[in-house]
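Novice: Quick one, fold the following:
(chains A, B, C, D, E, F and G)
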Amino acid sequence: MSVIFMTKRPLDILDQVLNKQPVIISLKGEREIKGILQGYDIHMNLVLDKAEEIENGQIKTLGTLIIRGDNVIYISPSVQ
Amino acid sequence: MSVIFMTKRPLDILDQVLNKQPVIISLKGEREIKGILQGYDIHMNLVLDKAEEIENGQIKTLGTLIIRGDNVIYISPSVQ
Amino acid sequence: MSVIFMTKRPLDILDQVLNKQPVIISLKGEREIKGILQGYDIHMNLVLDKAEEIENGQIKTLGTLIIRGDNVIYISPSVQ
Amino acid sequence: MSVIFMTKRPLDILDQVLNKQPVIISLKGEREIKGILQGYDIHMNLVLDKAEEIENGQIKTLGTLIIRGDNVIYISPSVQ
Amino acid sequence: MSVIFMTKRPLDILDQVLNKQPVIISLKGEREIKGILQGYDIHMNLVLDKAEEIENGQIKTLGTLIIRGDNVIYISPSVQ
Amino acid sequence: MSVIFMTKRPLDILDQVLNKQPVIISLKGEREIKGILQGYDIHMNLVLDKAEEIENGQIKTLGTLIIRGDNVIYISPSVQ
Amino acid sequence: MSVIFMTKRPLDILDQVLNKQPVIISLKGEREIKGILQGYDIHMNLVLDKAEEIENGQIKTLGTLIIRGDNVIYISPSVQ
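Specialist: Take a look at the predicted model:
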């Protein structure tokens, strides 16, 4: 059983969603950004492509974005 | 007696709940997320599966989630 | 006299209350948690057993808890 | 396929916009600055040329600017 | 004269008040704690004995206290 | 062309304004200080001479000033 | 000319005011403390003698004070 339930390292999960479906990034200050993850580093600095910010129901197109990791609350790769 | 009362290292406790019952994560900014812990690292970055956020009594399904460790207040593994 | 008045290192004090009487943890954001200290590390990450949070006079049972050290204001081991 | 979808390191992206079209810098405290990126370091400290701050619809000319990296939320290189 | 006016290293001053008269600790969030300093480390983590918190003119007895250093604004050893 | 457009390291820019025209320092908490830059280190700790703070239109003369780097938002060397 | 205009390292400036005229310390949270600088370290932890806090026009005598460096905004040595 212990072979099946292996630990996943948080940053490794990000590899699985690189250049795939869009992810949602929850930022401090109640901001939420959606985009395609193109890269990251150990500080959770992120590169997003086709990024959009949703603000009061309105979508703001941001294009490519480099997010500084210390603003991130969570990353949700399971957008459909 | 000192054999019975051994020190538990905080991050080691997390090993015992990997891929088991859901845990509750209390985040800064009065946010609370519930999910199955799939991984963590020394910064308390966390991977959750089947994550849900409870907000004003409403459950928001989040699926897989990578939480940046500096947002964590506490992790409660004893959900029943 | 200098033999009697020795310096106590802050984290060493915690050893003396491991698995003994409950301690009170004062957290940032005016939160207070009581529980039995089972472990800690150099970041003051803590493991509590039988943890309870007192909020507006109400006791919320939390069970086992891993607290991230950067939320701690102080630890008071002298609960009776 | 894995050759096409390579990881981009966040700071490397910045190289591609050095001394080119203006970028938008989103800063903590809801400030936004636009300018031509002339340099950066691993802390995301930035050098901007021809920088302007947009505040309540008004443009404030700032000229050359050294921004301390810990204030940055994101950098958007895709200004047209 | 330069022999008389020597530099005092901030943490060395704390040695002089260990286990002597009570000191006052000013904490972030406008909290003030008084107690006998029993120990400290390089992060300014502190051990206090006979600690009391003064809140709205009321004294709250806290006994032994381990304060996490990042909450400290200043330590005033000159209580009479 | 790539010879002309070289990367400028943020802290190197500061060398060019040492002991020259006054610079403007934007600090967290909406404070702004103007003065002649006399020195800095890798934390962006700064030494200013002939420093003045502008507060609600009033100029407060501060003379020599050592600013701790973590308060800095940006430094604008292009004051005329 | 470059011999005259040398860089001053921020912490070295503090050496020149040790045990001399009082300095003013501006702290986060709009607090201001005046005192004679007796020591400091690389974190800008400070030792002050004859310290006073000015609050709403009232002077509060604090005596000797160890200030934790991360609270400092600036140090102004040019008090007359």
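
Novice: A:Asp49 and chain C, how far apart?
Specialist: To chain C, A:Asp49 is 32 Å away according to Cβ to the nearest Cβ, to the nearest Å. Just so you know, the C-beta spots here come from the backbone N, C-alpha and C atoms, and that holds for glycine as well.

Novice: helix, strand or coil for that residue?
Specialist: On the three-state scheme (DSSP: H, G, I helix; E, B strand; the rest coil), A:Asp49 is labelled strand.

Novice: For the residue of chain A found nearest chain G, which phi and psi angles does the backbone take?
Specialist: Nearest residue of chain A to chain G: A:Asp70, at 16.3 Å (Cβ to the nearest Cβ). Main-chain dihedrals, A:Asp70, degrees, to the nearest 10: phi -70, psi -10.

Novice: Kindly report the same for A:Leu14.
Specialist: Torsion angles at A:Leu14 (phi, psi; degrees, to the nearest 10) stand at phi -60, psi -30.

Novice: in terms of contact, does it touch A:Tyr40 like I think?
Specialist: Yes: between A:Leu14 and A:Tyr40 a contact is recorded at 5.2 Å, counting by Cβ atoms under 8 Å.

Novice: ok, back up a step: touching, the residue of chain A closest to chain G and A:Leu27? I think so.
Specialist: No: A:Asp70 lies out of contact with A:Leu27 (Cβ under 8 Å); the separation is 10.0 Å.

Novice: residues contacting the residue of chain A closest to chain G?
Specialist: Contacts for A:Asp70 (Cβ atoms under 8 Å, 6 or more residues apart in numbering or on different chains) come out as A:His43, A:Met44, B:Asp70, D:Asp70.

Novice: would you turn these into CSV with pLDDT?
Specialist: Formatted as CSV, the contacts of A:Asp70 follow (pLDDT from 0 to 100):
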residue, pLDDT
A:His43, 93
A:Met44, 95
B:Asp70, 97
D:Asp70, 97
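
Novice: what's the most distant pair in these?
Specialist: The span of the contacts of A:Asp70, defined through Cβ to Cβ, is set by A:Met44 and D:Asp70 at 14.3 Å.

Novice: which bits of chain A sit near chain B?
Specialist: Chain A has residues A:5, A:7-14, A:28, A:44, A:69-70, A:72-78 near chain B, with proximity defined as Cβ under 8 Å from any Cβ of the partner chain.

Novice: Please report the distance of A:Leu27 from chain C.
Specialist: To chain C, A:Leu27 is 19 Å away according to Cβ to the nearest Cβ.

Novice: Do you know the pLDDT at that residue?
Specialist: In the predicted model, A:Leu27 carries a pLDDT score of 96.

Novice: I figured it hits D:Ser26, correct?
Specialist: No: under the criterion of Cβ under 8 Å, A:Leu27 makes no contact with D:Ser26, lying 9.8 Å away.

Novice: ok, the two, which is more surrounded?
Specialist: D:Ser26 (22 against 18; other Cβ atoms under 10 Å in any protein chain shown).

Novice: tell me which element that one is part of?
Specialist: Assessed by DSSP states H and E, D:Ser26 sits inside strand D:23-27.

Novice: Name the residues that touch that strand?
Specialist: By Cβ under 8 Å, 6+ apart, strand D:23-27 touches D:17, D:32-37, D:46, D:48, D:67, D:71-77, D:79, F:73.

Novice: Can I have the buried ones of those residues as a PyMOL selection?
Specialist: Selection of buried members from these for PyMOL, criterion 16 or more other Cβ atoms under 10 Å in any protein chain shown:
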select buried, (chain D and resi 17+33+34+35+36+37+46+48+67+71+72+73+74+75+76+77) or (chain F and resi 73)
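
Novice: And the helices in chain A?
Specialist: A:10-15 (DSSP state H).

Novice: mind listing the strands for it?
Specialist: A:23-27, A:31-40, A:46-55, A:58-67, A:72-76 (DSSP state E).

Novice: And the residue of chain A that's closest to chain D?
Specialist: For chain A, Cβ to the nearest Cβ, closest residue to chain D: A:Gly63, 3.1 Å.

Novice: That residue contacts D:Gln21, correct?
Specialist: No: the criterion here is Cβ under 8 Å, and A:Gly63 misses it with D:Gln21 at 11.5 Å.

Novice: what do these two both touch?
Specialist: By Cβ under 8 Å, 6+ apart, A:Gly63 and D:Gln21 have these common neighbours: D:Pro77.

Novice: Looking at the two, which one has more neighbours?
Specialist: When A:Gly63 and D:Gln21 are compared for neighbours, A:Gly63 comes out ahead with 16 against 11, by other Cβ under 10 Å.

Novice: Spit out the contact partners of the more buried one.
Specialist: Contacts of A:Gly63 by Cβ under 8 Å, 6+ apart are A:Asp49, A:Lys50, A:Ala51, D:Ser76, D:Pro77, D:Ser78.

Novice: What is the burial count for the first one?
Specialist: Right, A:Asp49. A count of nearby residues for A:Asp49, using other Cβ under 10 Å, gives 16.

Novice: In this structure it contacts A:Ile36, no?
Specialist: Yes: with contact defined as Cβ under 8 Å, A:Asp49 reaches A:Ile36; the gap is 4.5 Å.

Novice: For chain A, give the residue positioned nearest to chain E.
Specialist: Ranked by Cβ to the nearest Cβ, the top residue of chain A for proximity to chain E is A:Asp70, at 16.3 Å.

Novice: how much space between that residue and G:Pro10?
Specialist: Distance, A:Asp70 to G:Pro10, using Cβ to Cβ, to the nearest Å: 24 Å.

Novice: among the helices and strands of chain A, which has the poorest mean pLDDT?
Specialist: Across the helices and strands of chain A, mean confidence by mean pLDDT, DSSP states H and E is lowest for helix A:10-15: a mean of 86.

Novice: hmm, who's touching that one?
Specialist: Residues outside helix A:10-15 that contact it (Cβ under 8 Å, 6+ apart) are A:37, A:40, A:42, A:44, A:75, A:77, B:39-41, B:45-47, B:64, B:66-67, D:7.

Novice: switch the cut-off to 7 Å
Specialist: Under the contact criterion Cβ atoms under 7 Å, 6 or more residues apart in numbering or on different chains, helix A:10-15 has outside partners A:Leu37, A:Tyr40, A:Ile42, A:Ile75, A:Pro77, B:Gly39, B:Tyr40, B:Asp41, B:Asn45, B:Leu46, B:Val47, B:Ile66.

Novice: picking that back up, what about A:Leu14 and A:Tyr40, which has more around it?
Specialist: More neighbours surround A:Tyr40 than the other of A:Leu14 and A:Tyr40, with 25 against 20 (other Cβ under 10 Å).
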